[in-house]
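Trainee: following is a predicted model, sequence given first.
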Amino acid sequence: MTRKHDRPTIFTGRPAVSNLRKSNSPYWLQTTPAVAFRPDFAYLRVVLPVYFDYNATTPLDPAVKAVMLPYLDEIYGNPSSVHQIGVRARAHLDEQRDRLAHLCGSKPSEIVFTSGGTESNNLAIFGVARTLKAKGRHLITSSIEHHAALHCFQYLAKKEGFAVTYLPVDASGRISPDDLAKAIRPDTILVSLMAANNETGTIQPVAELGALCQEHGVLFHTDAAQWFGKEPFIDIRQFNANLVSICAHKFHGPKGSGALYIQSPLLPDPIIFGGGHENERRAGTENLPAIAGLVEAFTRFIPTPVFDRKQLQPLTERLLNGCLAIPGVHFRGSAAHRLANTISFTVEGCDGISLMAGLDLESICASSGSACSAGSLEPSHVMTAMGVDPRQANALVRFSLGRASTLDEVEHVIARFPEVVMRIRP
């Protein structure tokens, strides 16, 4: 496996003056006051590639990997087996569930282990809709949800006769609690709204939205995949949600591992059938190595967020200011309510695929939106929901930084990105 310090190191020149905002100050002073720049940054030490796509996935933490390894070797039993090897595996599974429940401030029985955020969202949405359909067939979501949620609602509307209301967002991508209050009907049975958007980093007023649902007696689910590890966490009750989706690989845990918090006594219909695993809520032999990795990553990186705002916000502000110096670049998102590690913008005269290819040629890893649909030729549905012109919505760039991101990497991107744009524009 290639580690970051094994990659080639280059020295990159400082940004061209023409690519910065006009100023009488030297280039290293043209930034936000929060970042201290050194006048000797004539050259920057950068290890390639620069990875600015942490919202897509994070590298597995070595300590998390170490915790997983015994479950790939000596603790190999099936937790459902009644012999001593299976009983040993069951004991470890119960211990991991107890640990996660303790961190969340929930009951162990309220934690269901899944294969990731997509399955957690599917179980929450399909499970609740089908369980409560006798009480009503009206569902509420927003127009900016991840496709792992959005496609569930589209299926329920097309195939199973549910009515779905898609809440609008403002130009910054925020949902209005007033719009939610107006949308709730007597036959509304579920509201599902994300805690933070994966493309823009816009943070939703999720606690207020959940409180509104409680007032109206409507179940509330939040997809918190992008929220965990980036914002302060006290306990699961802070969302005012009945169901909360968790995804391990967004905070240095393993891929293929997630969880769904289901507030008791709610019992959504299962969407996977087979054995009676996870208290008959999710069939399939539990993936104990992945579960152990999820719980260890949650323990290490959620109570104290691994995406440290004090470290990352100055970097993203510097990066955003550098990119906005390019004519035709427009910030997309909320300046006041944004994940500290995420910036998004559109680029006039370009398209997302060409921008991603150009950045990749410069060994800069970024995204044109959700990693699950980054290869799509369709404009970002998040951008169009925010009122962005479709041509610009198809030219989205998202940089999402992480704990290993450095100021030198930011300066390298600022130096190279104008060249990428100039090569694409006619």
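Mentor: Ah, there it is. Numbering: from 1, shown residues only.
Trainee: how close does Gly161 sit to Glu411?
Mentor: 55 Å (CB to CB, to the nearest Å). The way it works is simple: take the backbone N, C-alpha and C, and place the C-beta from them, glycine included.
Trainee: and these two? Which one has more around it.
Mentor: Applying other CB atoms under 10 Å to Gly161 and Glu411 shows that Glu411 carries more neighbours, namely 25 against 9.
Trainee: could I get the buried residue list for the one helix or strand the more buried one maps to?
Mentor: Using DSSP states H and E, Glu411 maps to helix 407-424. For helix 407-424, the neighbour count (16 or more other CB atoms under 10 Å) marks 407-418, 420-421, 424 as buried.
Trainee: could I get the average pLDDT for it?
Mentor: The predicted model assigns helix 407-424 a mean pLDDT of 97.
Trainee: now for it, which elements pack on it?
Mentor: Counting contacts by 3 or more CB pairs under 8 Å, 6 or more residues apart in numbering; DSSP states H and E, helix 407-424 is packed against strand 9-13, strand 43-47, strand 50-51, helix 309-324, helix 352-361, strand 364-365.
Trainee: which outside residues touch the fifth one?
Mentor: In other words, helix 352-361. Here helix 352-361 makes contact (CB atoms under 8 Å, 6 or more residues apart in numbering) with 347, 365-369, 374-375, 377, 380, 394-397, 416-417, 420-421, 423-424.
Trainee: go again using 7 Å as the cut-off
Mentor: Contacts with helix 352-361, where a contact means CB atoms under 7 Å, 6 or more residues apart in numbering, come from Val347, Ala366, Ser368, Asn394, Ala395, Leu396, Val397, Val420, Arg423, Ile424.
Trainee: just stretch 181-194 next, same as before
Mentor: Looking at stretch 181-194 with CB under 7 Å, 6+ apart, the contacting residues turn out to be 124-125, 128-129, 132, 135-142, 145-146, 149, 165, 167, 175, 180, 204, 206, 209, 212-213, 216, 218-223.
Trainee: buried subset of those?
Mentor: 124-125, 128-129, 132, 136-142, 145-146, 149, 165, 167, 175, 180, 204, 206, 209, 212-213, 218-223.
Trainee: so which of the residues you listed are in strands?
Mentor: Counting by DSSP state E, the buried ones among the contacts of stretch 181-194 place His138, Leu139, Ile140, Thr141, Ser142, Thr165, Leu167, Leu219, Phe220, His221, Thr222, Asp223 in strands.
Trainee: turn the residues you listed into CSV, including distance to Glu286 and pLDDT.
Mentor: Compiled in CSV, these are given as follows (distance: CB to CB, whole Å; pLDDT from 0 to 100):
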residue, distance to Glu286, pLDDT
His138, 35, 98
Leu139, 30, 98
Ile140, 32, 98
Thr141, 29, 98
Ser142, 32, 98
Thr165, 36, 98
Leu167, 36, 98
Leu219, 26, 98
Phe220, 27, 98
His221, 23, 98
Thr222, 24, 98
Asp223, 22, 98
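Trainee: any stretches of the stretch 301-426 of the chain with poor pLDDT?
Mentor: Filtered on pLDDT under 70, the stretch 301-426 of the chain yields the residue ranges 369-377.
Trainee: quick one, helices of the stretch 151-300 of the chain?
Mentor: 177-183, 206-216, 277-280, 288-301 (DSSP state H, counting those that start in this stretch).
Trainee: of these, flag the one that's most buried.
Mentor: helix 288-301 (a mean of 24; mean count of other CB atoms under 10 Å).
Trainee: just the CA trace of that one, in PDB.
Mentor: The C-alpha trace of helix 288-301 is given here as PDB (Å, rounded to 0.1, in the frame of the first residue of the first chain):
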ATOM      1  CA  LEU A 288     -18.000  -8.200  12.700                       C
ATOM      2  CA  PRO A 289     -14.700  -6.800  11.400                       C
ATOM      3  CA  ALA A 290     -16.500  -3.800   9.800                       C
ATOM      4  CA  ILE A 291     -18.700  -3.300  12.900                       C
ATOM      5  CA  ALA A 292     -15.600  -3.200  15.100                       C
ATOM      6  CA  GLY A 293     -14.000  -0.700  12.800                       C
ATOM      7  CA  LEU A 294     -17.200   1.500  12.800                       C
ATOM      8  CA  VAL A 295     -17.400   1.500  16.600                       C
ATOM      9  CA  GLU A 296     -13.600   2.200  17.000                       C
ATOM     10  CA  ALA A 297     -13.700   5.100  14.500                       C
ATOM     11  CA  PHE A 298     -16.900   6.500  16.200                       C
ATOM     12  CA  THR A 299     -15.100   6.300  19.600                       C
ATOM     13  CA  ARG A 300     -12.000   8.100  18.400                       C
ATOM     14  CA  PHE A 301     -13.400  10.600  15.900                       C
END
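Trainee: this protein - how does it break down into domains?
Mentor: 4-48+307-424, 62-301 (automatic domain parsing).
Trainee: circling back: and which of the buried residues of helix 407-424 is nearest His252?
Mentor: Nearest to His252 among the buried residues of helix 407-424: Glu409, at 18.2 Å, using CB to CB.
Trainee: wait, what's in contact with that closest one?
Mentor: Glu409 neighbours (CB under 7 Å, 6+ apart): Val46, Val50.
Trainee: now Leu260
Mentor: By CB under 7 Å, 6+ apart, the neighbours of Leu260 are Val112, Thr114, Ser120, Leu123, Ala124, Leu243, Ser245.
Trainee: of these, closest to Leu266?
Mentor: Closest to Leu266, out of all of the contacts of Leu260 and judged by CB to CB, is Leu243, at 7.5 Å.
Trainee: in JSON lines: the ones in strands among the buried ones among the contacts of stretch 181-194, plus distance to Phe52.
Mentor: Shown next, in JSON lines, are these (distance: CB to CB, whole Å):
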{"residue": "His138", "distance to Phe52": "40"}
{"residue": "Leu139", "distance to Phe52": "35"}
{"residue": "Ile140", "distance to Phe52": "34"}
{"residue": "Thr141", "distance to Phe52": "29"}
{"residue": "Ser142", "distance to Phe52": "26"}
{"residue": "Thr165", "distance to Phe52": "35"}
{"residue": "Leu167", "distance to Phe52": "30"}
{"residue": "Leu219", "distance to Phe52": "37"}
{"residue": "Phe220", "distance to Phe52": "33"}
{"residue": "His221", "distance to Phe52": "30"}
{"residue": "Thr222", "distance to Phe52": "26"}
{"residue": "Asp223", "distance to Phe52": "23"}
